[in-house]
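Trainee: pasting a predicted model and its sequence here:
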Amino acid sequence: MPTERTYTISQLAREFEVTPRALRFYEDKGLLTPQRDGMNRVYSHRDRARLQLILRGKRVGLSLIEIKEILDLYKVDQRAQAQTALKKYKARIVALEAQREDVEAAIEILHDSIRQLEGFLEKPAAPAALGAARAFEAEAKKRLEDAH
């Protein structure tokens with residue numbers, strides 16, 4: 001009878017580029033349930049698959065509570081698990097698309113502001129403005145010297 005492949009905490013941490021501390025954290029939160037061999041954690045193929053789903057869920061912005069809910073449904077009803085995951089994934093897409101729109105709008109505002117500022121700075125400064133800038137710079141330098 002073939003034995004199931006097992007993994008140490010170091011092996012999984014290295015494979016998935018996470019820290020052993022992260023794996024212990026997921027265990028504390030009930031997301032992973034490795035067996036014990038004395039003081040050593042022994043992770044099964046199931047634990048490895050769950051870790052893969054945890055990291056995928058985190059990558060797309062699901063909370064650990066949402067990830068746990070999806071993982072825990074596997075034991076109860078795989079169809080319910082799939083339906084719950086589908087609902088949460090669709091909700092994340094809606095949220096991420098809204099964030100993308102916000103980021104694109106912010107980038108456009110910044111580009112417009114840069115164009116305006118560069119246009120302003122291309123024009124020669126008025127002599128009065130240069131004098132005021134020099135006076136401000138001298139006052140700032142004096143305050144810095146006085147502070148030390």
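Mentor: Nice, I can see it. Residues are numbered from 1 along each chain as shown.

Trainee: what is the least confident helix or strand in this protein?
Mentor: Between all helices and strands in the chain, the lowest mean by mean pLDDT, DSSP states H and E belongs to helix 127-147, at a mean of 88.

Trainee: would you mind giving the domain segments of this protein?
Mentor: The chain breaks down by automatic domain parsing into domains covering 1-63, 77-148.

Trainee: mind putting these in JSON lines, distance to Glu69 included?
Mentor: Heads up, the C-betas are built off the backbone N, CA and C, glycines and all. Shown next, in JSON lines, are these (distance: least, Cβ to Cβ, whole Å):
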{"stretch": "domain 1-63", "distance to Glu69": "9"}
{"stretch": "domain 77-148", "distance to Glu69": "6"}
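
Trainee: how much space between Ala128 and Ala135?
Mentor: Distance of Ala128 to Ala135, given as Cβ to Cβ, to the nearest Å: 11 Å.

Trainee: coming back round to it: which of the domains of the chain sits closest to Leu71?
Mentor: Leu71 lies closest, by Cβ to Cβ, to one member of these: domain 1-63, at 5.8 Å.

Trainee: what about Tyr89, neighbour count?
Mentor: Using other Cβ atoms under 10 Å as the criterion, Tyr89 is surrounded by 13 other residues.

Trainee: check contacts around it.
Mentor: The contact partners of Tyr89, by Cβ atoms under 8 Å, 6 or more residues apart in numbering, come to Val60.

Trainee: over to Lys29?
Mentor: 64, 68.

Trainee: where along this structure do the helices fall?
Mentor: 9-16, 20-28, 45-59, 64-76, 78-122, 127-147 (DSSP state H).

Trainee: quick check: mean pLDDT of the fifth one?
Mentor: Taken as a whole, helix 78-122 has an average pLDDT of 96.

Trainee: centroid-nearest residue for the protein?
Mentor: When Cα atoms, centre = their mean is applied to the chain, the residue found nearest the centroid is Arg59 (6.5 Å).

Trainee: how close does that one sit to Glu17?
Mentor: As for Arg59, its distance to Glu17 is 12 Å (criterion: Cβ to Cβ).
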